[in-house]
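J.: coordinates only, sequence not included:
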């Protein structure tokens, strides 16, 4: 059976730099009826475990270390035995939420995670955070962009550890070079495509947010 993409939305808070905001997060599950990978264990480990439906969890992949994307990761790992993977450049963000602990493994640019016969290639896309990554699944015609690229523009860069020129470089060099029909499944909000976003790069640069 070919891999499929399941989706649920979980709700909670995002806290950084002394502020806290209510957020809804996309949780993506890639797999078949036997095994799966979770991309961003946000807010509600029980809901994510229920969505897995008893499938073997291969890994919990964190697109970045902001607390709304990793807050449920340790509980989900404890419940399933799956390792939590994070790019090491975001360890300082992880430790703000989970002090005294470390993820189980490190993500690296070009690393391939295979689930249900489908390859997810790690693309290091810093900017929203230093260790932000996207996961490209050419076999599914999709990229999981975390908070790097949204419908309508790049992820936020107004808080600690983020940088606007860096996120623009990441999007230009790592994402807009993907086939235009590639579906962009984002960390929050609606999906889009590379082809829909690519024409607006210069507008984003001019806007400079």
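T.: Happy to help now that I have it. Predicted model only: the values in this text are computed from it and were never measured. Numbering: from 1, shown residues only.

J.: So which bits of the helix or strand harbouring residue 48 are buried?
T.: Assigning secondary structure by DSSP states H and E places residue 48 in helix 45-52. Counting neighbours by 16 or more other C-beta atoms under 10 Å, one finds that the buried residues in helix 45-52 are 45, 47-49, 51-52. Heads up, the C-betas are built off the backbone N, CA and C, glycines and all.

J.: Can you spell out which helices and strands pack onto the next helix-or-strand element following it?
T.: Per DSSP H and E, helix 45-52 leads on to strand 56-61 as the next helix or strand towards the C-terminus. Applying 3 or more C-beta pairs under 8 Å, 6 or more residues apart in numbering; DSSP states H and E, we find strand 56-61 packed against strand 35-39, helix 73-80, strand 84-86, strand 112-115.

J.: and among those, the most buried is which?
T.: Here the criterion is mean neighbour count by mean count of other C-beta atoms under 10 Å, and of the helices and strands packed on strand 56-61 the winner is strand 35-39, at a mean of 26.

J.: Which secondary structure elements does that one sit against?
T.: Helices and strands touching strand 35-39, by 3+ C-beta pairs under 8 Å, 6+ apart, are strand 19-31, helix 45-52, strand 56-61, strand 112-115.

J.: Need the residues that contact the second one.
T.: The set of residues external to helix 45-52 that reach it, using C-beta atoms under 8 Å, 6 or more residues apart in numbering, is 6, 8, 10, 27, 29, 36, 38, 41, 72, 75-76, 79-80.

J.: Could you dump those residues into TSV with pLDDT and distance to residue 195 added?
T.: Formatted as TSV, the contacts of helix 45-52 follow (pLDDT from 0 to 100; distance: C-beta to C-beta, whole Å):
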residue	pLDDT	distance to residue 195
6	98	24
8	98	26
10	98	29
27	98	25
29	98	25
36	98	28
38	98	28
41	98	30
72	98	33
75	98	38
76	98	34
79	98	39
80	98	36
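
J.: quick revisit: quick one: which of the helices and strands packed on strand 56-61 is nearest residue 154?
T.: strand 35-39 (19.0 Å; C-beta to C-beta).

J.: got the angle for the closest one vs helix 73-80?
T.: 170 degrees (axes from the mean of the first three to the mean of the last three C-alpha atoms, to 10 degrees).

J.: going forward can the numbers begin at 368, since that is how I track them
T.: New numbering, starting at 368: the last item is strand 402-406.

J.: Quickly run through the sheet partners of strand 402-406, with directions.
T.: Paired strands of strand 402-406, with direction, are strand 386-398 (antiparallel), strand 423-428 (parallel) (DSSP bridges).

J.: pLDDT averaged over the helix holding residue 415 - what is it?
T.: Per-residue confidence for helix 412-419 averages out to 98 on the pLDDT scale.

J.: Please apply the same query to stretch 500-514.
T.: Model confidence over stretch 500-514 averages 98 on the pLDDT scale.

J.: just stretch 558-572 next, same as before
T.: 97.

J.: from the middle of its chain, how far away would that stretch be?
T.: Taking C-alpha atoms, centre = their mean, to the nearest Å, one finds stretch 558-572 lying 19 Å from the centre of the chain it belongs to.

J.: do stretch 372-392 as well
T.: Taking C-alpha atoms, centre = their mean, one finds stretch 372-392 lying 12 Å from the centre of the chain it belongs to.
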